[in-house]
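[1] Predicted model, plus sequence, below.
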Amino acid sequence: MSKTEEKVFEVADPIATELGFELVDIEYKKEGANWYLRVFIDKEGGIFIEDCEALSRKLDEKMGEEFLKEAYILEVSSPGLDRPLKRDSDFEKFKGKVIDIKLFKAVDGSKEYRGELLGLEDGKIKILTEDDKELSFEKSEAAVVRLAVLF
């Protein structure tokens with residue numbers, strides 16, 4: 001997370017918690033001529049449009065008083081079925097679920113792995129592959145870790 005995203009997270013997290021949501025991720029980036037501030041929230045039973053509206057209103061009020069100098073477009077949404085796992089608590093919460101890992105550099109000839117999440121231990125993501133191999137990757141080696149979408 002960039003410093004700006006971390007600052008937004010600090011502002012948004014208590015607001016999300018107050019509304020009964022889990023703040024999953026923050027993304028602040030320029031696309032074309034516009035800056036986008038994307039806030040991803042979740043809750044038991046899923047996120048609805050009314051939830052996004054409620055957080056958007058409260059966050060927009062607070063951000064107006066805060067530090068973003070550029071004009072930006074605020075988007076609040078669910079992280080989706082393939083939500084990213086970023087915080088250590090995510091790896092505990094989703095233990096036993098199938099995840100996809102994309103690495104910065106290839107390991108054993110591949111940058112992409114899928115398996116059942118066994119957990120996060122000593123900074124290493126541990127998975128069990130479909131062919132019953134236990135693998136582990138340093139969390140810092142992972143570009144993206146997401147819940148797998150299975151059909």
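    Right, received. Where do you want to start? Numbers count the residues shown, from 1 in each chain.
[2] By mean pLDDT, point me to the weakest helix or strand of the protein.
    For the chain, the helix or strand with the lowest mean confidence is helix 49-65, at a mean of 88 (criterion: mean pLDDT, DSSP states H and E).
[3] Which positions in it come out as buried?
    Neighbour counts over helix 49-65 (16 or more other Cβ atoms under 10 Å) mark D51, C52, A54, L55, L59, M63 as buried. (Glycine included, C-beta is placed from N, CA and C.)
[4] Give me the distance from that helix to the chain's centre.
    Distance of helix 49-65 from the chain centroid (Cα atoms, centre = their mean, to the nearest Å) equals 19 Å.
[5] What residue spans form the domains of the chain?
    3-77, 88-147 (automatic domain parsing).
[6] which stretch in the ones you listed is the model least sure about?
    Confidence, taken as mean pLDDT, is least for domain 3-77 of the domains of the chain (a mean of 91).
[7] now do the same end-to-end measure for that one.
    21 Å (Cα to Cα, to the nearest Å).
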